[in-house]
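> coords please:
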Amino acid sequence: MEDLLVTENPLLLPLNKEKTAYDGFLCVQDRDFRIRVLLPSDLQLKRARLHCCWQLRHLLREYELIVRQRLQQSAQLSTFLLELKTIVEVCMKSRAGSFAIPPPQYYSQLISEMETLGWDKIIFLDTNIQTLKLKAEDSSGRQHTLSIKLKSKQIKYSQYWLTEEDHVTGSTQNQENIRVSQHPAEAPECSADLPVPLNLTWTPQSSLELLHSQFLLLLESLAEFWDVLDEIDQKTWILEPEKPSRSDTVRRVAIGSNVSIRVEVDPRHPKMLPECCLLGAEHGTLTPVSSPTFRMFWKLNSRHQPPTKNLVSALSVASVTHIGLGPPSQIKCAMTPAVASPSTRPASMSGSECYPPAGRASA
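Down below sits the predicted model:
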């Protein structure tokens with residue numbers, strides 16, 4: 001049995017003449033895991049103690065009961081180590097490409113940052129604590145989400161020995177590639193549904209609370225832009241996009257039968273003259289609206305008139321009213337305040353709301 005132990009585990013060596021303590025490495029699929037086995041004086045495995053590196057402990061965390069059972073039932077150390085190798089192989093196959101656990105200091109700092117930020121602002125947190133989603137609300141009550149992905153990189157890392165008290169002592173003899181979190185040394189990847197680039201500043205002294213504060217300031221700078229688009233959405237018949245997101249800057253608005261206008265609002269200057277193009281059979285594909293009269297009306301009314309009314313005035317239209325919320329007999333034409341019949345209401349060109357072509361709406 002002793003020869004079999006040496007043959008199958010050449011890197012596991014006895015520490016004393018009595019052979020009650022073994023220290024070394026367990027080799028499984030070209031990987032070496034640091035282990036130590038302590039046996040009682042009678043060499044009975046029932047009272048043996050097994051210590052291992054944190055990588056092996058991480059792999060076996062769901063198989064601890066099985067390992068304990070095999071340790072209790074095995075007659076020889078060589079038999080137990082052979083079964084242990086089989087269990088480790090199964091774990092490695094089922095956890096191929098798994099994420100390495102960061103050190104405890106990483107979690108301590110991150111949890112401290114989340115507590116300072118407030119748990120009520122965290123709406124998502126993955127199991128590896130690498131991806132977070134924070135909620136934010138602007139001054140108008142609109143809800144927004146900031147997605148944060150903490151950076152990590154692959155490095156050469158020594159396997160570490162963990163004693164019973166989880167005391168760590170370095171061993172540089174056995175190294176492997178693992179991914180280590182770089183928070184807060186490197187800036188995380190941030191994303192949000194915004195019409196402008198998300199540029200947040202970060203230093204090694206920054207925190208999640210600082211990111212959230214910068215995000216709130218950016219939301220407030222865009223509040224007027226969203227106010228303009230919300231008003232357009234509420235008071236006009238939007239053909240495209242069917243489900244606008246907060247990053248969309250364009251609306252296609254129905255203004256007559258088979259006629260619509262494409263309006264693109266500048267997020268940084270929402271009250272300035274938007275880019276407008278008429279769409280319809282008589283206008284081909286796109287007809288820019290850029291006459292001096294149009295620009296003059298917009299400039300004169302932009303300070304004291306809501307965007308929808310200003311657009312109506314610039315186009316010399318009486319009013320823009322919500323279309324499609326009532327029966328056909330009460331649907332108002334987008335170009336006139338007169339009640340429109342089903343034959344004069346605008347035709348949707350979005351694909352999901354199609355009406356048959358009809359004559360032009362009366363001006």
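> how about the helices in the stretch 201-350 of the chain?
Using DSSP state H, counting those that start in this stretch, the helices of the stretch 201-350 of the chain run over residues 208-221, 223-235, 292-301, 307-314.
> ok, of these, where does mean pLDDT dip lowest?
Per-stretch mean pLDDT for the helices of the stretch 201-350 of the chain is lowest at helix 292-301 (a mean of 52).
> State the distance from Y22 to Q214.
According to C-beta to C-beta, to the nearest Å, Y22 and Q214 sit 55 Å apart. To be clear about C-beta, it is placed using only N, CA and C from the backbone, and glycine gets the same treatment.
> How is the chain partitioned into domains?
2-94, 104-158+174-221, 224-330 (automatic domain parsing).
> how about TSV for these, with mean neighbour count added?
Formatted as TSV, the domains of the chain follow (neighbours: other C-beta atoms under 10 Å):
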stretch	mean neighbour count
domain 2-94	15
domain 104-158+174-221	15
domain 224-330	16
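> Which strand or helix spans P197?
Counting by DSSP states H and E, there is no helix or strand that carries P197.
> and T7, helix, strand or coil?
Under DSSP: H, G, I helix; E, B strand; the rest coil, T7 falls in the helix class.
> how near is it to N16?
For T7, the distance to N16 equals 21 Å [C-beta to C-beta].
> again with P274
Distance from P274 to N16, by C-beta to C-beta: 84 Å.
> And for L218?
According to C-beta to C-beta, L218 and N16 sit 66 Å apart.
> Setting aside sequence neighbours, what's the nearest residue to Y63?
I87 (5.6 Å; C-beta to C-beta, 6 or more residues apart in numbering).
> Let me see the residues that make contact with stretch 217-225.
By C-beta atoms under 8 Å, 6 or more residues apart in numbering, the list of residues contacting stretch 217-225 from outside reads 136, 138-140, 142, 144, 194-196, 198, 200, 265-268, 270-271.
> That one spans what distance, first to last residue?
Counting by C-alpha to C-alpha, to the nearest Å, you get 14 Å between the two ends of stretch 217-225.
> quick one: what helix or strand has H58 in it?
Per DSSP H and E: H58 is located in helix 54-59.
> Quick one: mean pLDDT over that helix.
Averaged across helix 54-59, pLDDT comes to 86.
> helix or strand right after it?
helix 64-73.
> helices or strands up against the helix or strand just after that following helix?
The element immediately downstream of helix 64-73 (helix or strand, assigned by DSSP H and E) is helix 77-94. For helix 77-94, the elements it packs on are helix 2-8, strand 21-28, strand 31-38, helix 54-59, helix 64-73, judged by 3 or more C-beta pairs under 8 Å, 6 or more residues apart in numbering; DSSP states H and E.
> Quick check: E220 vs W226, distance?
Counting by C-beta to C-beta, the gap from E220 to W226 is 11 Å.
> anything in contact with each of the two?
If you check E220 and W226 against C-beta under 8 Å, 6+ apart, the residues they both contact are D138.
> Next, count neighbours for L222.
19 (other C-beta atoms under 10 Å).
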